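S.K.: Sequence plus predicted model, see below.
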Amino acid sequence: MIMASGLNFGIRRSIPHALGIAIGFPIMLLALGSGLGTIFDRYPLFHEIIKVSGLLYLVYLAGRIAKAAPIEHTETSTKPLNFFQAALFQWVNPKAWVMGTGAISSFTVSNQSMFDQVAFIALTFLVAAAISVSLWLVVGHQLKLWLKNNRYQRWFNFTMAGLLIMSILPVISSMLIGL
């Protein structure tokens, strides 16, 4: 998503989106480590509602990517995600929940302060996300140089939207198997 944003909107306009990802996920990790996982254990329907909401939101975002206008029309037709949209997206992204719960369960031990451990994991993800999101953003922006042809850019946007949809298929599959 951030690569498509870099391509379609440029680096400067996509910075809020990038910051929302880099900061939103560690905040979600802190919430998970502070007991939100326990709520999901007690109320699995709540977790399923968030998961389905996240899947629907990913489909919506894939549609936004697919419909993004070619570069010269982007200024007036669409906008990148803002900071809050990108940060809140982490909360409805099923892949973020899987990664967050996996990181907390894998990299914490019971005989040490859970908060300290989760804070360290969140800080690590903040640094890693800042670096990786920045790289994806720059790659997307650089692709703009190669995709000056509107038709190629449209194909790129459809491909990115399709890859986003494909990335949620394993989550959908596991949900269907669990029915």
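M.R.: Cool, got the structure.
S.K.: residues of the longest helix seen in the chain that come out buried?
M.R.: Identified as the longest helix of the chain according to DSSP state H is helix 114-146. The neighbour-count check on helix 114-146 (16 or more other CB atoms under 10 Å) flags 117-118, 121-122, 125-126, 129-130, 133-134, 136-137, 140-141, 143-144 as buried. Glycine gets a C-beta too; all of them are placed from N, C-alpha and C.
S.K.: try stretch 86-106
M.R.: Applying 16+ other CB under 10 Å to stretch 86-106 flags 86-94, 96-97, 99-101, 103-104 as buried.
S.K.: what's the distance between it and the middle of its chain?
M.R.: 9 Å (CA atoms, centre = their mean, to the nearest Å).
S.K.: what number of residues lie near the closest residue to Asn82 other than its chain neighbours?
M.R.: Excluding its sequence neighbours, the residue lying closest to Asn82 (CB to CB, 6 or more residues apart in numbering) is Pro16, at 5.0 Å. Using other CB atoms under 10 Å, the number of residues around Pro16 comes to 18.
S.K.: list the contacts for Pro16?
M.R.: 80-83, 86 (CB atoms under 8 Å, 6 or more residues apart in numbering).
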